[in-house]
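>>> I'll drop the sequence and a predicted model, then ask my questions.
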Amino acid sequence: MPDNNMVIVALDYPDPVQAFRFADKVSPELCALKVGFELFLSGGPVLVDKLVKQNFKVFLDLKFHDIPNTVAQACTAAAKMGVWMMNLHASGGPEMMSAARDALENFSPQSRPRLIAVTVLTSMSQQGLKAIGIDGDVTSVVRKWALSAQDAGLDGVVCSAQESSLIRSATDDDFLIVTPGIRLPEDDANDQKRIVTPDEARANGSTHIVVVRPITKAKDPMAALEIFCKAFSSA
């Protein structure tokens, strides 16, 4: 499965039993799987190891944000689990991001995970940014943090697909743009504020899309996954 132009399904389940039940219904040839806080705290490294052994690319979504040395050590520990991708918060600053990147240089090109930075969460609005003391509009903050991540040597960023075209035009061609908040036109928005369709995400420059409910809650997850893959790859 190629690294780019990929659908990532978020395993937003409270326990490993439900996560593995879903994983058995989809193919590692068509998607990567994202493991976030709740599931990782429930299943731990054992869960990640089992998914990797089932040939799934695993995106460990723990959004590291701490002093540089602590984040570097966390990235090293995650890489040893065999994850394909991990992330940290760009708001942690250039020194933290560079330390994390340097820690992963100890791994071979084949085993080194992709390291990406979270810019502005897709649930965050302009008012939300202002409430936590960040001046500037959402797009300017996203662009600034994306460029900071690239300068620190990271592989890409997480952002809303509504900002993908802005980042694509400001960064290198091989810079990864991972975009959650993806829905088909008929899907509910749920808790996402800035959403787009798969074809819009691809047209805007996204290299990967993250999908949750439209696939995990589908009666036929594999059929739903195929719809998203087709919509994203054919755009």
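Good, I have the coordinates.
>>> Poorly predicted segments of the chain, please.
Along the chain, segments meeting pLDDT under 70 span 1-5, 186-195, 235.
>>> Show me the strands in it, by range?
Along the chain, the segments classed as strands by DSSP state E run 6-10, 31-35, 58-64, 85-89, 114-118, 156-158, 176-179, 208-211.
>>> list the buried ones in stretch 68-87?
For stretch 68-87, the neighbour count (16 or more other C-beta atoms under 10 Å) marks 68, 71-72, 74-75, 78-79, 81-87 as buried. No exception for glycine: its C-beta is placed from N, CA and C like everyone else's.
>>> buried residues in stretch 133-152?
Buried residues in stretch 133-152, counted by 16+ other C-beta under 10 Å: 138-139, 141-143, 145-150, 152.
>>> same question, stretch 118-136
Neighbour-count burial for stretch 118-136 flags 118-122, 124, 129 (criterion: 16+ other C-beta under 10 Å).
>>> Just name the closest of the buried residues of stretch 133-152 to Asp61, please.
For the buried residues of stretch 133-152, the minimum distance to Asp61 (C-beta to C-beta) is 15.9 Å, reached by Ala149.
>>> which residues does that closest one contact?
Residues in contact with Ala149 (C-beta atoms under 8 Å, 6 or more residues apart in numbering) are 90, 97, 116-117, 119, 156-157.
>>> these two touch, right, Glu95 and Val71?
No: if you go by C-beta atoms under 8 Å, Glu95 and Val71 don't touch, sitting 9.8 Å apart.
>>> Just want the angle from the longest helix along the chain to strand 6-10.
Across the chain, the helix with the greatest residue count (assigned by DSSP state H) is helix 37-53. Between helix 37-53 and strand 6-10, the angle comes out at 130 degrees (axes from the mean of the first three to the mean of the last three C-alpha atoms, to 10 degrees).
>>> what comes up buried for helix 37-53?
Those would be 39-40, 42-43, 47-48, 50-52, for helix 37-53 by 16+ other C-beta under 10 Å.
>>> same for it, what does it pack against?
On a contact count with 3 or more C-beta pairs under 8 Å, 6 or more residues apart in numbering; DSSP states H and E, helix 37-53 meets helix 16-23, strand 31-35, strand 58-64.
>>> List the contacts of the closest residue to Arg112 other than its chain neighbours.
Residue nearest to Arg112 in three dimensions, not counting chain neighbours: Leu104, with 5.1 Å by C-beta to C-beta, 6 or more residues apart in numbering. By C-beta under 8 Å, 6+ apart, Leu104 lies in contact with 75-76, 79, 112-113, 115.
>>> at 7 Å what do you get?
75, 79, 112-113, 115 (C-beta atoms under 7 Å, 6 or more residues apart in numbering).
>>> export those residues to TSV and tack on distance to Pro198?
Converted to TSV, the contacts of Leu104 look like this (distance: C-beta to C-beta, whole Å):
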residue	distance to Pro198
Cys75	30
Ala79	29
Arg112	28
Pro113	25
Leu115	25
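>>> Which ones among those lie within helices?
Using DSSP H, the contacts of Leu104 in helices are 75, 79.
>>> Taking the contacts of Leu104 together, which two end up most distant?
Cys75 and Arg112 (10.2 Å).
>>> quick one on the thing from earlier: export the strands of the chain to a markdown table and tack on distance to Phe20?
Listed next are the strands of the chain as a markdown table, based on distance: least, C-beta to C-beta, whole Å:
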| stretch | distance to Phe20 |
| --- | --- |
| strand 6-10 | 13 |
| strand 31-35 | 10 |
| strand 58-64 | 13 |
| strand 85-89 | 20 |
| strand 114-118 | 24 |
| strand 156-158 | 25 |
| strand 176-179 | 24 |
| strand 208-211 | 19 |
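>>> Brilliant, that's me finished.
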